[in-house]
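Undergrad: Okay, sequence plus prediction incoming.
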Amino acid sequence: MRKEDLIDQLKDCQALQEGHFELSSGYHSNKYVQCMKILQYPGLAQCIAELMYENLKGIDFDVVISPAVGGIVLGFALAAASNKRFIFTERKDGKMILRRSFSLTHGERVVVVDDVVTKGGSVKEVAELVTAHRGQVVAIASLIDRGDKKAFNQSIPYSYLAQIEVESYPPDECPLCKENIAIYSPGSRRLK
């Protein structure tokens with residue numbers, strides 16, 4: 001797969017959806033990218049990971065870390081493509097933590113990977129967790145960038161494979177809510 005074919009692949013796999021969605025950020029949108037629809041195919045996930053690895057050429061790293069659930073498949077695929085260690089974070093009581101005996105050693109160089117980055121709140125939390133565990137975030141990578149202003153440190157190199165700009169609204173300003181269109185909350189942030 002070529003990078004320029006990615007949007008067509010997302011559409012073919014029905015990973016790019018339309019409707020009324022509540023995003024992990026709490027904002028509402030008329031489009032949603034469900035990357036698991038494309039990542040459920042190992043061959044496509046491998047191709048995507050290889051494209052991401054090409055974007056990271058020149059960046060020396062030891063570990064790939066991803067937030068559960070959305071980033072796990074892609075983070076693992078990137079770690080496999082780059083022959084690096086992979087770990088993931090999970091939420092407990094609403095806070096991002098390392099579980100399953102995952103750890104970082106002092107100075108490990110870490111790439112944070114997520115499937116879709118909108119405002120980057122989850123990425124920011126993972127990056128802060130890496131720093132708290134004495135690791136060093138050397139890059140951030142995603143499959144899709146949603147184009148909003150990012151919450152994470154802008155001095156860290158950030159790469160993505162495709163940018164899909166989708167309008168999003170605070171709930172009290174959402175035109176889809178005003179039309180009483182049923183809302184779907186597909187993100188994993190609210191899972192306990």
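TA: On my side now, so go ahead.

Undergrad: For the protein, just list every one of the helices.
TA: Using DSSP state H, the helices of the chain run over residues 6-12, 36-39, 42-55, 72-82, 121-132, 175-178.

Undergrad: what about those helices, which gets the closest to Arg91?
TA: With C-beta to C-beta as the measure, helix 121-132 is the member of the helices of the chain nearest Arg91 (8.9 Å). (Glycine included, C-beta is placed from N, CA and C.)

Undergrad: Please state the offset of that closest one from the chain centre?
TA: When C-alpha coordinates are averaged (C-alpha atoms, centre = their mean, to the nearest Å), helix 121-132 and its chain have centres 12 Å apart.

Undergrad: Poorly predicted segments of the chain, please.
TA: Scanning the chain for pLDDT under 70 picks out the ranges 187-192.

Undergrad: on that earlier part again, for the helices of the chain, give me TSV that also has distance to Ser168.
TA: Shown next, in TSV, are the helices of the chain (distance: least, C-beta to C-beta, whole Å):
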stretch	distance to Ser168
helix 6-12	18
helix 36-39	20
helix 42-55	24
helix 72-82	22
helix 121-132	13
helix 175-178	11
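
Undergrad: Just name the most buried of these.
TA: helix 72-82 (a mean of 22; mean count of other C-beta atoms under 10 Å).

Undergrad: so what's the closest residue in space to Val73 that isn't next to it in sequence up against?
TA: Excluding the flanking residues, the one nearest Val73 by C-beta to C-beta, 6 or more residues apart in numbering is Leu39, at 4.4 Å. By C-beta atoms under 8 Å, 6 or more residues apart in numbering, the contact list for Leu39 reads Ala45, Ile48, Val73, Leu74, Ala77, Asp115.

Undergrad: Looking at these, spot the one nearest His133.
TA: Once C-beta to C-beta is applied, the member of those that ends up nearest His133 is Leu74, at 21.3 Å.

Undergrad: Hmm, Ala49 and the closest one touching each other?
TA: Yes: look at Leu74 against Ala49 with C-beta atoms under 8 Å: they come within range, at 6.8 Å.

Undergrad: Who is the most centrally placed residue in the chain paired with across the strands?
TA: For the chain, Asp114 is the residue whose C-alpha lies nearest the centre (C-alpha atoms, centre = their mean; 2.1 Å). Beta-bridge pairing for Asp114 (DSSP bridges): Ser142.

Undergrad: Now do the contacts for it.
TA: Here Asp114 is in contact with Ser66, Pro67, Gly70, Gly71, Leu74, Gly75, Ser122, Val123, Val126, Ile140, Ser142 (criterion: C-beta under 8 Å, 6+ apart).

Undergrad: can you do 7 Å?
TA: Ser66, Pro67, Gly70, Gly71, Ser122, Val123, Ser142 (C-beta atoms under 7 Å, 6 or more residues apart in numbering).

Undergrad: Turn those residues into CSV, including distance to Gln34.
TA: As requested, the contacts of Asp114 are exported to CSV (distance: C-beta to C-beta, whole Å):
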residue, distance to Gln34
Ser66, 16
Pro67, 16
Gly70, 9
Gly71, 14
Ser122, 16
Val123, 18
Ser142, 14
